[in-house]
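>>> Let's see this in three dimensions:
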Amino acid sequence: QILTRYTPKTITSRAALRETLKTVRADGYSEDHEEGTSGVHCFAIAVQHMDIPLIAISCSVPVARLDEPEAKEIVQTLLEVRGRLLARLNPNRIGAEPGSV
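Here you go, the predicted structure:
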């Protein structure tokens, strides 16, 4: 089944999407390379903790203003923000199964 194309860079193959998700899981963050909106690059990380619903934190940047050092800084900042958020929650429940703590 073909996925809906929003831009020329949208992932439209389920096989390509599965491969992208493998990379996201390995890296710990995701990137949208103009797949949803032309000219916009987005970075996102998941925040997973038993005391809150699964959420994501993201940052979108115009492609014209983005370079490799900036991209690395954005990812690092998102990871730091996730760490600070999780540090404010019960550390015994990070990754715990519902009802186990």
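>>> chain center to stretch 36-51: distance?
4 Å (CA atoms, centre = their mean, to the nearest Å).
>>> what is the rounded mean pLDDT of it?
Computed over stretch 36-51, the mean pLDDT rounds to 93.
>>> Stretch 54-63 now?
95.
>>> What lies in contact with that stretch?
Contacts to stretch 54-63, defined as CB atoms under 8 Å, 6 or more residues apart in numbering, come from residues 32, 34, 39-48, 70, 74, 77-78, 81-82, 85. Where you see a C-beta, it was placed from the backbone N, CA and C, and this is true even at glycine.
>>> now with 7 Å?
34, 39-48, 74, 78, 81-82 (CB atoms under 7 Å, 6 or more residues apart in numbering).
>>> Could you write me a ChimeraX select line covering just the buried ones among those residues?
Buried residues within the contacts of stretch 54-63, by 16 or more other CB atoms under 10 Å, are selected in ChimeraX with:
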select :34,40,41,42,43,44,45,47,74,78,82
